[in-house]
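Peer 1: Would you be able to build a 3D model of this:
(one chain, ligands or ions: 1)
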Amino acid sequence: MKKMTDEGFSGGAPPHDYDVTVIGGGPAGLAAAIAADQAGARVLLVEREGRLGGILKQCIHDGFGLIRFGEKLSGPEYAHRYLETLGNTGVTVRLLSFASKIRKQAGGFALTLVSRGGVDTLQTKTLVLSTGCRERTPRQVNIHGTRPAGIFTAGQAQYYTNILGQLPVRRCVILGSGDIGLIMARRLTLEGAEVLGVYEAKQSPSGLSRNIAQCLEDFAIPLLTGHTVTRVFGRDRLEAVEISRVDEGMRPIPGTGERITCDGLVLSVGLIPENELAESLGVWIHPATKGPLCDQRYMTMISGVFSCGNALQVNDLVDYVSESGIAAGYYAALTAERTTAIGLDRGAAGNFAELTTDETFLCLSPQRLDMDYTEREIPVFFRSREERGRTLLRVRAKGREFFRRNYSQLRPPEMERILLPLENLDLDPGDRIQFTLEEP
Ligand SMILES: Cc1cc2nc3c(=O)[nH]c(=O)nc-3n(C[C@H](O)[C@H](O)[C@H](O)COP(=O)(O)OP(=O)(O)OC[C@H]3O[C@@H](n4cnc5c(N)ncnc54)[C@H](O)[C@@H]3O)c2cc1C
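Peer 2: Below is the predicted model of the structure:
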(Lines give C-alpha, C1' and ligand atoms only; values in the text may rest on other atoms or scores of the structure.)
Protein backbone atom coordinates (compact mmCIF):
# COMPACT_ATOMS: atom_id res chain seq x y z
CA MET A 1 0.00 0.00 0.00
CA LYS A 2 1.38 3.41 -0.89
CA LYS A 3 1.85 6.22 1.60
CA MET A 4 -0.05 9.52 1.43
CA THR A 5 2.02 12.47 2.54
CA ASP A 6 0.97 15.93 3.66
CA GLU A 7 1.61 17.64 0.39
CA GLY A 8 4.27 15.50 -1.20
CA PHE A 9 3.97 13.03 -3.99
CA SER A 10 3.07 9.41 -3.54
CA GLY A 11 2.46 6.56 -5.94
CA GLY A 12 4.60 5.59 -8.87
CA ALA A 13 3.87 8.12 -11.65
CA PRO A 14 6.42 10.70 -12.79
CA PRO A 15 5.50 13.93 -10.98
CA HIS A 16 4.82 16.24 -13.89
CA ASP A 17 3.07 14.19 -16.52
CA TYR A 18 -0.34 12.61 -16.02
CA ASP A 19 -3.04 11.07 -18.15
CA VAL A 20 -5.80 12.15 -15.80
CA THR A 21 -5.70 14.84 -13.12
CA VAL A 22 -8.63 14.92 -10.72
CA ILE A 23 -9.19 18.22 -8.91
CA GLY A 24 -11.02 17.83 -5.59
CA GLY A 25 -10.73 14.86 -3.23
CA GLY A 26 -14.36 14.54 -2.07
CA PRO A 27 -16.43 11.44 -2.86
CA ALA A 28 -16.69 12.41 -6.56
CA GLY A 29 -12.93 12.89 -6.92
CA LEU A 30 -12.07 9.74 -4.97
CA ALA A 31 -14.34 7.64 -7.19
CA ALA A 32 -12.99 9.31 -10.35
CA ALA A 33 -9.33 8.79 -9.38
CA ILE A 34 -9.89 5.11 -8.53
CA ALA A 35 -11.84 4.46 -11.76
CA ALA A 36 -9.22 6.19 -13.90
CA ASP A 37 -6.45 4.19 -12.21
CA GLN A 38 -8.35 0.95 -12.75
CA ALA A 39 -8.68 1.86 -16.43
CA GLY A 40 -4.88 1.98 -16.63
CA ALA A 41 -4.24 5.75 -16.52
CA ARG A 42 -1.48 7.63 -14.67
CA VAL A 43 -3.57 9.60 -12.24
CA LEU A 44 -3.00 12.63 -10.00
CA LEU A 45 -5.54 13.58 -7.32
CA VAL A 46 -5.28 17.16 -6.05
CA GLU A 47 -6.93 18.35 -2.83
CA ARG A 48 -6.59 21.77 -1.20
CA GLU A 49 -7.34 20.52 2.31
CA GLY A 50 -5.11 18.42 4.53
CA ARG A 51 -7.34 15.34 4.32
CA LEU A 52 -9.33 13.63 1.58
CA GLY A 53 -13.09 13.08 1.88
CA GLY A 54 -14.50 16.53 1.05
CA ILE A 55 -17.72 17.49 2.78
CA LEU A 56 -18.14 13.94 4.10
CA LYS A 57 -15.53 14.61 6.80
CA GLN A 58 -17.95 16.83 8.70
CA CYS A 59 -21.14 14.79 8.07
CA ILE A 60 -21.11 12.56 11.14
CA HIS A 61 -24.81 11.65 10.83
CA ASP A 62 -25.72 8.42 9.08
CA GLY A 63 -27.68 7.90 5.85
CA PHE A 64 -24.83 7.67 3.36
CA GLY A 65 -24.37 4.72 1.02
CA LEU A 66 -27.84 3.17 1.07
CA ILE A 67 -27.79 2.58 -2.69
CA ARG A 68 -24.07 1.77 -3.18
CA PHE A 69 -23.44 -0.38 -0.14
CA GLY A 70 -26.98 -1.18 1.07
CA GLU A 71 -25.91 0.20 4.46
CA LYS A 72 -26.51 3.36 6.45
CA LEU A 73 -23.02 4.79 6.87
CA SER A 74 -21.82 8.08 8.34
CA GLY A 75 -19.98 10.46 6.00
CA PRO A 76 -16.49 9.55 7.29
CA GLU A 77 -17.34 5.82 7.07
CA TYR A 78 -18.48 6.22 3.47
CA ALA A 79 -15.29 8.13 2.59
CA HIS A 80 -13.19 5.49 4.37
CA ARG A 81 -14.43 2.77 2.00
CA TYR A 82 -12.99 4.73 -0.94
CA LEU A 83 -9.83 5.73 0.90
CA GLU A 84 -9.05 2.07 1.56
CA THR A 85 -9.42 1.27 -2.14
CA LEU A 86 -7.40 4.35 -3.11
CA GLY A 87 -4.55 3.14 -0.91
CA ASN A 88 -4.20 0.08 -3.14
CA THR A 89 -3.98 2.02 -6.39
CA GLY A 90 -1.14 3.82 -8.12
CA VAL A 91 -2.89 7.21 -7.80
CA THR A 92 -0.57 10.06 -6.83
CA VAL A 93 -2.16 12.26 -4.17
CA ARG A 94 -1.27 15.87 -3.46
CA LEU A 95 -2.86 17.33 -0.37
CA LEU A 96 -2.77 20.98 0.75
CA SER A 97 -2.50 21.87 -2.94
CA PHE A 98 -4.84 24.37 -4.52
CA ALA A 99 -5.48 24.17 -8.26
CA SER A 100 -5.36 27.84 -9.18
CA LYS A 101 -5.07 27.95 -12.96
CA ILE A 102 -5.60 25.73 -15.99
CA ARG A 103 -4.39 26.48 -19.48
CA LYS A 104 -5.28 24.50 -22.58
CA GLN A 105 -2.28 23.43 -24.65
CA ALA A 106 -1.43 20.94 -27.40
CA GLY A 107 -2.18 17.42 -26.21
CA GLY A 108 -3.83 18.46 -22.95
CA PHE A 109 -3.62 21.05 -20.20
CA ALA A 110 -1.10 22.87 -18.02
CA LEU A 111 -2.25 22.98 -14.41
CA THR A 112 -0.86 25.38 -11.83
CA LEU A 113 -0.85 24.24 -8.20
CA VAL A 114 -0.20 26.38 -5.14
CA SER A 115 1.03 24.53 -2.08
CA ARG A 116 3.26 25.15 0.95
CA GLY A 117 6.29 24.38 -1.18
CA GLY A 118 5.39 27.15 -3.65
CA VAL A 119 3.83 27.25 -7.09
CA ASP A 120 4.38 24.58 -9.72
CA THR A 121 2.90 23.67 -13.07
CA LEU A 122 2.30 20.18 -14.40
CA GLN A 123 0.96 18.68 -17.60
CA THR A 124 -2.05 16.45 -17.90
CA LYS A 125 -3.88 15.00 -20.89
CA THR A 126 -7.33 15.19 -19.32
CA LEU A 127 -8.98 16.79 -16.29
CA VAL A 128 -11.76 15.72 -13.99
CA LEU A 129 -13.27 18.68 -12.14
CA SER A 130 -14.76 17.44 -8.87
CA THR A 131 -14.55 20.64 -6.88
CA GLY A 132 -17.93 20.27 -5.12
CA CYS A 133 -20.15 23.25 -4.40
CA ARG A 134 -20.26 26.23 -2.08
CA GLU A 135 -22.99 27.56 0.14
CA ARG A 136 -24.81 30.83 -0.46
CA THR A 137 -23.46 33.28 2.08
CA PRO A 138 -25.26 35.96 4.19
CA ARG A 139 -24.23 38.57 1.62
CA GLN A 140 -26.13 36.72 -1.09
CA VAL A 141 -29.36 36.94 0.92
CA ASN A 142 -31.19 40.23 1.31
CA ILE A 143 -31.19 40.85 5.08
CA HIS A 144 -31.02 44.37 6.54
CA GLY A 145 -28.98 45.33 9.58
CA THR A 146 -25.48 45.13 10.91
CA ARG A 147 -23.07 42.23 10.47
CA PRO A 148 -22.55 40.95 14.02
CA ALA A 149 -20.89 37.62 14.93
CA GLY A 150 -23.30 34.70 15.20
CA ILE A 151 -24.40 34.42 11.55
CA PHE A 152 -23.20 31.20 9.97
CA THR A 153 -23.88 29.16 6.89
CA ALA A 154 -25.12 25.69 7.87
CA GLY A 155 -21.86 24.16 6.64
CA GLN A 156 -19.82 26.52 8.83
CA ALA A 157 -22.00 25.69 11.86
CA GLN A 158 -21.48 22.01 11.05
CA TYR A 159 -17.71 22.47 10.82
CA TYR A 160 -17.59 24.22 14.22
CA THR A 161 -19.76 21.56 15.86
CA ASN A 162 -18.46 18.36 14.28
CA ILE A 163 -14.82 19.10 13.48
CA LEU A 164 -13.78 21.77 16.01
CA GLY A 165 -16.06 20.50 18.79
CA GLN A 166 -17.34 24.03 19.55
CA LEU A 167 -20.99 24.96 19.83
CA PRO A 168 -21.37 28.09 17.65
CA VAL A 169 -24.86 29.12 18.92
CA ARG A 170 -27.00 28.63 22.06
CA ARG A 171 -30.40 29.90 20.91
CA CYS A 172 -30.81 30.13 17.18
CA VAL A 173 -33.03 30.52 14.16
CA ILE A 174 -32.44 28.63 10.92
CA LEU A 175 -33.24 30.37 7.64
CA GLY A 176 -33.90 28.02 4.74
CA SER A 177 -35.01 24.41 4.80
CA GLY A 178 -32.20 22.87 2.72
CA ASP A 179 -30.89 19.52 3.90
CA ILE A 180 -27.82 20.91 5.66
CA GLY A 181 -30.04 23.29 7.67
CA LEU A 182 -32.38 20.45 8.66
CA ILE A 183 -29.47 18.26 9.70
CA MET A 184 -27.96 21.11 11.71
CA ALA A 185 -31.30 21.78 13.44
CA ARG A 186 -31.11 18.25 14.85
CA ARG A 187 -27.38 18.35 15.51
CA LEU A 188 -27.49 21.65 17.43
CA THR A 189 -30.48 20.41 19.45
CA LEU A 190 -28.61 17.22 20.36
CA GLU A 191 -25.66 19.35 21.52
CA GLY A 192 -27.92 21.39 23.83
CA ALA A 193 -28.68 24.48 21.74
CA GLU A 194 -32.24 25.75 21.44
CA VAL A 195 -33.44 25.82 17.81
CA LEU A 196 -36.42 28.17 17.77
CA GLY A 197 -37.56 27.26 14.27
CA VAL A 198 -36.69 26.70 10.64
CA TYR A 199 -38.04 29.52 8.45
CA GLU A 200 -38.51 28.99 4.72
CA ALA A 201 -39.51 31.72 2.26
CA LYS A 202 -40.96 29.26 -0.25
CA GLN A 203 -44.36 27.69 0.33
CA SER A 204 -42.86 24.19 0.55
CA PRO A 205 -39.66 22.91 2.20
CA SER A 206 -36.46 22.52 0.16
CA GLY A 207 -35.05 19.46 1.94
CA LEU A 208 -35.66 15.73 1.56
CA SER A 209 -38.86 14.40 3.18
CA ARG A 210 -36.84 11.96 5.30
CA ASN A 211 -34.80 14.84 6.76
CA ILE A 212 -37.94 16.84 7.59
CA ALA A 213 -39.32 13.83 9.48
CA GLN A 214 -36.09 12.75 11.20
CA CYS A 215 -34.52 16.14 11.92
CA LEU A 216 -37.50 18.40 12.64
CA GLU A 217 -40.63 16.41 13.45
CA ASP A 218 -38.80 13.92 15.72
CA PHE A 219 -37.39 16.86 17.74
CA ALA A 220 -40.54 19.04 17.67
CA ILE A 221 -38.67 21.83 15.86
CA PRO A 222 -41.20 24.07 14.08
CA LEU A 223 -40.99 24.55 10.30
CA LEU A 224 -42.61 27.78 9.08
CA THR A 225 -42.89 28.10 5.32
CA GLY A 226 -43.74 31.47 3.72
CA HIS A 227 -41.48 33.30 6.24
CA THR A 228 -38.07 34.92 6.00
CA VAL A 229 -35.56 36.86 8.08
CA THR A 230 -35.78 40.55 7.15
CA ARG A 231 -33.44 42.17 9.70
CA VAL A 232 -30.69 41.28 12.13
CA PHE A 233 -29.95 43.18 15.37
CA GLY A 234 -26.77 43.40 17.43
CA ARG A 235 -23.41 45.12 17.22
CA ASP A 236 -20.67 42.67 18.18
CA ARG A 237 -22.84 39.58 18.62
CA LEU A 238 -26.26 38.82 17.18
CA GLU A 239 -29.03 39.73 19.66
CA ALA A 240 -32.21 39.20 17.67
CA VAL A 241 -33.67 38.71 14.21
CA GLU A 242 -36.85 40.01 12.62
CA ILE A 243 -39.00 37.39 10.91
CA SER A 244 -41.63 38.48 8.37
CA ARG A 245 -44.23 36.66 6.33
CA VAL A 246 -43.73 36.72 2.56
CA ASP A 247 -46.18 36.80 -0.34
CA GLU A 248 -46.34 34.35 -3.24
CA GLY A 249 -43.47 36.20 -4.93
CA MET A 250 -41.40 35.75 -1.73
CA ARG A 251 -41.56 39.51 -1.00
CA PRO A 252 -41.81 40.38 2.72
CA ILE A 253 -45.29 41.58 3.71
CA PRO A 254 -45.00 44.97 5.47
CA GLY A 255 -46.27 45.02 9.05
CA THR A 256 -45.79 41.29 9.67
CA GLY A 257 -42.30 41.56 11.25
CA GLU A 258 -41.78 39.83 14.59
CA ARG A 259 -38.59 40.24 16.66
CA ILE A 260 -37.09 37.03 18.04
CA THR A 261 -34.27 37.09 20.59
CA CYS A 262 -31.40 34.75 19.63
CA ASP A 263 -27.60 34.62 19.47
CA GLY A 264 -27.36 32.67 16.23
CA LEU A 265 -28.71 32.72 12.69
CA VAL A 266 -27.90 29.67 10.58
CA LEU A 267 -28.39 30.02 6.81
CA SER A 268 -29.29 27.06 4.65
CA VAL A 269 -30.30 28.92 1.53
CA GLY A 270 -28.78 26.94 -1.27
CA LEU A 271 -25.66 25.50 -2.80
CA ILE A 272 -23.91 26.62 -5.97
CA PRO A 273 -21.65 24.28 -7.97
CA GLU A 274 -18.04 25.46 -7.72
CA ASN A 275 -16.91 26.06 -11.29
CA GLU A 276 -14.44 28.92 -11.35
CA LEU A 277 -11.76 26.73 -12.90
CA ALA A 278 -14.19 25.33 -15.45
CA GLU A 279 -15.34 28.83 -16.43
CA SER A 280 -11.75 30.04 -16.77
CA LEU A 281 -11.35 27.34 -19.43
CA GLY A 282 -14.47 28.46 -21.27
CA VAL A 283 -16.57 25.47 -20.19
CA TRP A 284 -20.24 26.21 -20.89
CA ILE A 285 -22.27 26.36 -17.65
CA HIS A 286 -25.87 25.22 -17.94
CA PRO A 287 -28.30 27.77 -16.45
CA ALA A 288 -30.52 25.06 -14.90
CA THR A 289 -27.92 22.90 -13.14
CA LYS A 290 -25.39 25.76 -12.67
CA GLY A 291 -22.79 23.13 -13.56
CA PRO A 292 -21.09 22.33 -16.87
CA LEU A 293 -23.23 21.18 -19.77
CA CYS A 294 -22.08 17.61 -20.34
CA ASP A 295 -22.67 14.43 -22.30
CA GLN A 296 -23.32 10.92 -21.02
CA ARG A 297 -19.57 10.44 -20.37
CA TYR A 298 -19.58 13.54 -18.14
CA MET A 299 -17.41 15.36 -20.67
CA THR A 300 -18.02 19.11 -20.89
CA MET A 301 -18.05 21.15 -24.09
CA ILE A 302 -14.25 21.30 -23.87
CA SER A 303 -12.74 18.05 -25.03
CA GLY A 304 -10.74 16.33 -22.27
CA VAL A 305 -12.46 18.23 -19.43
CA PHE A 306 -14.86 16.14 -17.34
CA SER A 307 -17.11 17.19 -14.46
CA CYS A 308 -18.78 15.14 -11.72
CA GLY A 309 -20.35 15.24 -8.26
CA ASN A 310 -21.64 18.50 -6.84
CA ALA A 311 -19.53 20.55 -9.25
CA LEU A 312 -21.72 19.17 -12.03
CA GLN A 313 -25.03 19.57 -10.21
CA VAL A 314 -26.12 19.68 -6.57
CA ASN A 315 -26.83 16.09 -5.52
CA ASP A 316 -28.85 15.01 -2.52
CA LEU A 317 -27.37 11.50 -2.42
CA VAL A 318 -23.68 10.76 -2.23
CA ASP A 319 -24.29 7.47 -4.06
CA TYR A 320 -25.10 9.43 -7.24
CA VAL A 321 -22.01 11.59 -6.66
CA SER A 322 -19.82 8.48 -6.64
CA GLU A 323 -21.60 7.08 -9.69
CA SER A 324 -20.80 10.22 -11.69
CA GLY A 325 -17.20 10.17 -10.42
CA ILE A 326 -16.66 6.58 -11.57
CA ALA A 327 -17.96 7.34 -15.07
CA ALA A 328 -16.04 10.64 -15.38
CA GLY A 329 -12.79 8.98 -14.24
CA TYR A 330 -13.21 6.02 -16.56
CA TYR A 331 -13.98 8.13 -19.63
CA ALA A 332 -11.20 10.60 -18.80
CA ALA A 333 -8.78 7.66 -18.84
CA LEU A 334 -10.20 6.45 -22.15
CA THR A 335 -9.96 9.93 -23.68
CA ALA A 336 -6.36 10.32 -22.46
CA GLU A 337 -5.48 7.04 -24.18
CA ARG A 338 -6.82 8.44 -27.48
CA THR A 339 -5.26 11.90 -27.12
CA THR A 340 -2.31 12.55 -29.40
CA ALA A 341 0.43 15.11 -28.87
CA ILE A 342 -1.52 17.51 -31.12
CA GLY A 343 -4.74 16.87 -29.27
CA LEU A 344 -8.23 16.00 -30.37
CA ASP A 345 -10.73 18.74 -29.77
CA ARG A 346 -14.14 17.66 -30.87
CA GLY A 347 -15.99 18.84 -27.77
CA ALA A 348 -18.31 21.19 -29.61
CA ALA A 349 -18.27 19.58 -33.02
CA GLY A 350 -18.81 15.82 -32.58
CA ASN A 351 -21.89 13.73 -33.35
CA PHE A 352 -24.29 14.80 -30.67
CA ALA A 353 -27.99 14.42 -29.99
CA GLU A 354 -29.61 16.81 -27.52
CA LEU A 355 -31.61 15.83 -24.43
CA THR A 356 -34.32 18.48 -24.08
CA THR A 357 -37.06 19.22 -21.54
CA ASP A 358 -40.12 21.41 -21.29
CA GLU A 359 -40.91 23.87 -18.48
CA THR A 360 -42.10 21.07 -16.14
CA PHE A 361 -38.45 20.25 -15.39
CA LEU A 362 -36.15 22.16 -13.06
CA CYS A 363 -33.11 20.46 -14.54
CA LEU A 364 -31.93 17.34 -16.35
CA SER A 365 -28.52 15.90 -17.07
CA PRO A 366 -26.70 14.90 -19.19
CA GLN A 367 -27.83 17.44 -21.74
CA ARG A 368 -26.24 15.78 -24.76
CA LEU A 369 -25.55 12.33 -26.07
CA ASP A 370 -22.25 11.63 -27.81
CA MET A 371 -23.30 9.22 -30.53
CA ASP A 372 -19.78 7.90 -31.09
CA TYR A 373 -20.24 5.99 -27.86
CA THR A 374 -22.84 3.28 -28.08
CA GLU A 375 -23.98 2.44 -24.57
CA ARG A 376 -27.10 0.28 -24.33
CA GLU A 377 -28.45 2.53 -21.59
CA ILE A 378 -27.36 5.66 -19.74
CA PRO A 379 -28.28 7.13 -16.34
CA VAL A 380 -30.27 10.36 -16.60
CA PHE A 381 -30.95 12.56 -13.57
CA PHE A 382 -33.72 15.12 -13.26
CA ARG A 383 -35.77 17.26 -10.88
CA SER A 384 -39.32 18.46 -11.47
CA ARG A 385 -39.93 22.22 -11.29
CA GLU A 386 -43.00 21.92 -9.04
CA GLU A 387 -44.31 19.44 -6.51
CA ARG A 388 -46.46 17.03 -8.47
CA GLY A 389 -48.80 14.16 -7.61
CA ARG A 390 -49.14 11.21 -9.96
CA THR A 391 -47.03 11.95 -13.01
CA LEU A 392 -46.02 10.21 -16.21
CA LEU A 393 -42.51 10.75 -17.54
CA ARG A 394 -42.44 10.28 -21.32
CA VAL A 395 -39.35 10.29 -23.52
CA ARG A 396 -39.62 10.65 -27.29
CA ALA A 397 -37.20 10.70 -30.21
CA LYS A 398 -38.01 11.09 -33.91
CA GLY A 399 -41.67 11.57 -32.93
CA ARG A 400 -41.84 8.13 -31.26
CA GLU A 401 -42.17 7.45 -27.54
CA PHE A 402 -39.50 4.96 -26.45
CA PHE A 403 -39.53 5.24 -22.66
CA ARG A 404 -42.13 6.00 -19.97
CA ARG A 405 -42.29 5.78 -16.20
CA ASN A 406 -45.02 6.50 -13.66
CA TYR A 407 -44.35 8.37 -10.43
CA SER A 408 -46.72 8.61 -7.47
CA GLN A 409 -45.16 12.01 -6.66
CA LEU A 410 -42.27 14.25 -7.70
CA ARG A 411 -40.66 16.93 -5.51
CA PRO A 412 -37.97 19.42 -6.66
CA PRO A 413 -35.67 18.61 -3.67
CA GLU A 414 -35.58 14.95 -4.67
CA MET A 415 -33.40 14.11 -7.66
CA GLU A 416 -34.75 11.25 -9.77
CA ARG A 417 -32.61 8.79 -11.69
CA ILE A 418 -33.65 6.66 -14.64
CA LEU A 419 -31.71 4.30 -16.87
CA LEU A 420 -32.58 5.43 -20.39
CA PRO A 421 -32.45 2.59 -22.95
CA LEU A 422 -30.68 3.61 -26.16
CA GLU A 423 -30.88 0.40 -28.16
CA ASN A 424 -32.61 0.56 -31.56
CA LEU A 425 -32.99 4.33 -31.39
CA ASP A 426 -31.28 5.03 -34.71
CA LEU A 427 -30.58 8.69 -34.00
CA ASP A 428 -28.98 11.19 -36.34
CA PRO A 429 -26.66 13.99 -35.22
CA GLY A 430 -28.69 16.98 -34.03
CA ASP A 431 -31.74 14.85 -33.16
CA ARG A 432 -33.62 15.69 -29.99
CA ILE A 433 -34.53 13.32 -27.20
CA GLN A 434 -37.52 15.05 -25.64
CA PHE A 435 -38.55 14.61 -21.99
CA THR A 436 -41.99 15.62 -20.73
CA LEU A 437 -43.84 15.28 -17.41
CA GLU A 438 -47.56 14.76 -17.97
CA GLU A 439 -50.78 13.86 -16.19
CA PRO A 440 -51.05 10.05 -16.32
C1 LIG B 1 -24.57 18.66 5.50
C2 LIG B 1 -24.71 17.65 4.40
C3 LIG B 1 -25.41 16.51 4.64
C4 LIG B 1 -25.52 15.54 3.68
N5 LIG B 1 -26.21 14.39 3.98
C6 LIG B 1 -26.26 13.38 3.09
C7 LIG B 1 -26.83 12.12 3.43
O8 LIG B 1 -27.34 11.92 4.54
N9 LIG B 1 -26.81 11.13 2.51
C10 LIG B 1 -26.24 11.32 1.29
O11 LIG B 1 -26.22 10.39 0.48
N12 LIG B 1 -25.70 12.50 0.93
C13 LIG B 1 -25.69 13.55 1.80
N14 LIG B 1 -25.10 14.75 1.45
C15 LIG B 1 -24.65 14.96 0.06
C16 LIG B 1 -23.23 14.49 -0.21
O17 LIG B 1 -22.46 14.53 0.95
C18 LIG B 1 -22.59 15.42 -1.22
O19 LIG B 1 -23.42 15.44 -2.33
C20 LIG B 1 -21.17 14.95 -1.60
O21 LIG B 1 -20.35 14.93 -0.47
C22 LIG B 1 -20.55 15.85 -2.68
O23 LIG B 1 -19.32 15.32 -3.07
P24 LIG B 1 -18.28 16.08 -4.02
O25 LIG B 1 -17.07 15.22 -4.08
O26 LIG B 1 -18.93 16.47 -5.27
O27 LIG B 1 -17.95 17.45 -3.28
P28 LIG B 1 -17.20 17.74 -1.90
O29 LIG B 1 -17.45 16.68 -0.90
O30 LIG B 1 -17.57 19.14 -1.54
O31 LIG B 1 -15.65 17.70 -2.30
C32 LIG B 1 -15.03 18.70 -3.12
C33 LIG B 1 -13.56 18.76 -2.77
O34 LIG B 1 -12.90 19.56 -3.72
C35 LIG B 1 -11.88 20.32 -3.07
N36 LIG B 1 -11.56 21.47 -3.93
C37 LIG B 1 -12.41 22.42 -4.40
N38 LIG B 1 -11.76 23.30 -5.19
C39 LIG B 1 -10.46 22.91 -5.22
C40 LIG B 1 -9.29 23.43 -5.87
N41 LIG B 1 -9.34 24.51 -6.66
N42 LIG B 1 -8.11 22.77 -5.68
C43 LIG B 1 -8.04 21.65 -4.89
N44 LIG B 1 -9.12 21.13 -4.27
C45 LIG B 1 -10.32 21.74 -4.42
C46 LIG B 1 -12.55 20.69 -1.74
O47 LIG B 1 -11.62 21.03 -0.76
C48 LIG B 1 -13.30 19.39 -1.40
O49 LIG B 1 -12.53 18.50 -0.63
C50 LIG B 1 -24.95 15.74 2.40
C51 LIG B 1 -24.24 16.92 2.14
C52 LIG B 1 -24.12 17.87 3.13
C53 LIG B 1 -23.33 19.14 2.82
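
Peer 1: Let me know how buried residue 132 is, in neighbour terms.
Peer 2: Residue 132: 21 surrounding residues under other Cβ atoms under 10 Å. Where you see a C-beta, it was placed from the backbone N, CA and C, and this is true even at glycine.

Peer 1: excluding its backbone neighbours, what's nearest it?
Peer 2: Take residue 132 and drop its neighbours on the chain: the residue closest to it by Cβ to Cβ, 6 or more residues apart in numbering is residue 310, 4.6 Å away.

Peer 1: what does residue 327 give?
Peer 2: residue 298 (5.4 Å).

Peer 1: So which bits of the stretch 201-350 of the chain are right by the ligand?
Peer 2: Residues of the stretch 201-350 of the chain that fall close to the ligand, judged by Cβ under 6 Å from any ligand atom: 274, 277, 309-311, 315, 317-319, 321.

Peer 1: Report the contact partners of residue 44.
Peer 2: Going by Cβ atoms under 8 Å, 6 or more residues apart in numbering, residue 44 touches 13, 18, 20-22, 91-94, 122, 124.

Peer 1: try 7 Å
Peer 2: Going by Cβ atoms under 7 Å, 6 or more residues apart in numbering, residue 44 touches 18, 21, 92, 94, 124.

Peer 1: Residue 305 now?
Peer 2: Applying Cβ under 7 Å, 6+ apart, we find residue 305 in contact with 127, 129, 281, 283.

Peer 1: Let's see that with 8 Å instead.
Peer 2: 109, 126-127, 129, 278, 281, 283, 292, 299, 347.

Peer 1: what do you get for residue 330?
Peer 2: Residue 330 makes contact with 35-36, 38-39 under the criterion Cβ under 8 Å, 6+ apart.

Peer 1: which SS class is it?
Peer 2: helix (DSSP: H, G, I helix; E, B strand; the rest coil).

Peer 1: Look up how far residue 382 lies from residue 425.
Peer 2: 19 Å (Cβ to Cβ, to the nearest Å).

Peer 1: Likewise for residue 104?
Peer 2: For residue 104, the distance to residue 382 equals 31 Å [Cβ to Cβ].

Peer 1: Residue 33 is in contact with residue 89, isn't it?
Peer 2: Yes - the criterion here is Cβ atoms under 8 Å, and residue 33 meets it with residue 89 at 7.4 Å.

Peer 1: quick one: which of those two has more around it?
Peer 2: residue 33 (33 against 19).

Peer 1: and the helix or strand hosting that one, how far from the chain's centre?
Peer 2: Assigned by DSSP states H and E, residue 33 belongs to helix 27-38. For helix 27-38, the gap between its own C-alpha mean and the chain's C-alpha mean amounts to 16 Å (Cα atoms, centre = their mean, to the nearest Å).

Peer 1: Looking at the residues of the stretch 201-350 of the chain next to the ligand, spot the one nearest the ligand.
Peer 2: residue 309 (2.4 Å; Cβ to the nearest ligand atom).

Peer 1: give me phi/psi at the closest one?
Peer 2: Dihedral pair for residue 309: phi 70, psi -150, per degrees, to the nearest 10.

Peer 1: More neighbours: which of residue 425 and residue 382?
Peer 2: residue 382 (21 against 17).

Peer 1: Which residue lies nearest the spatial centre of this protein?
Peer 2: When Cα atoms, centre = their mean is applied to the chain, the residue found nearest the centroid is residue 310 (1.6 Å).

Peer 1: quick check, it in a helix?
Peer 2: Yes - under three-state DSSP, residue 310 falls within a helix.

Peer 1: need the helices for this structure, in chain order.
Peer 2: All helices of the chain, identified by DSSP state H, fall at 27-38, 75-87, 154-158, 179-190, 209-211, 276-280, 318-338.

Peer 1: As TSV, these with distance to residue 368 would be great.
Peer 2: As requested, the helices of the chain are arranged in TSV below (distance: least, Cβ to Cβ, whole Å):
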stretch	distance to residue 368
helix 27-38	20
helix 75-87	29
helix 154-158	32
helix 179-190	29
helix 209-211	32
helix 276-280	16
helix 318-338	14
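
Peer 1: so which of the ones you listed gets nearest residue 229?
Peer 2: Of all those, it is helix 179-190 that lies closest to residue 229, at 12.4 Å by Cβ to Cβ.

Peer 1: Against which helices or strands is the closest one packed?
Peer 2: Packing partners of helix 179-190 (3 or more Cβ pairs under 8 Å, 6 or more residues apart in numbering; DSSP states H and E): helix 154-158, strand 171-175, strand 194-200, helix 209-211, strand 264-267.

Peer 1: So for stretch 390-408, mean pLDDT?
Peer 2: For stretch 390-408, mean pLDDT is 96.

Peer 1: same question but for stretch 17-29, I mixed them up
Peer 2: Regarding stretch 17-29, the rounded mean pLDDT is 97.

Peer 1: quick one: strands adjacent to the longest strand seen in the chain?
Peer 2: For the chain, the strand reaching the highest residue count under DSSP state E is reported as strand 118-129. Counting by DSSP bridges, the strands paired with strand 118-129 are strand 17-23 (parallel), strand 108-115 (antiparallel), strand 305-307 (parallel).
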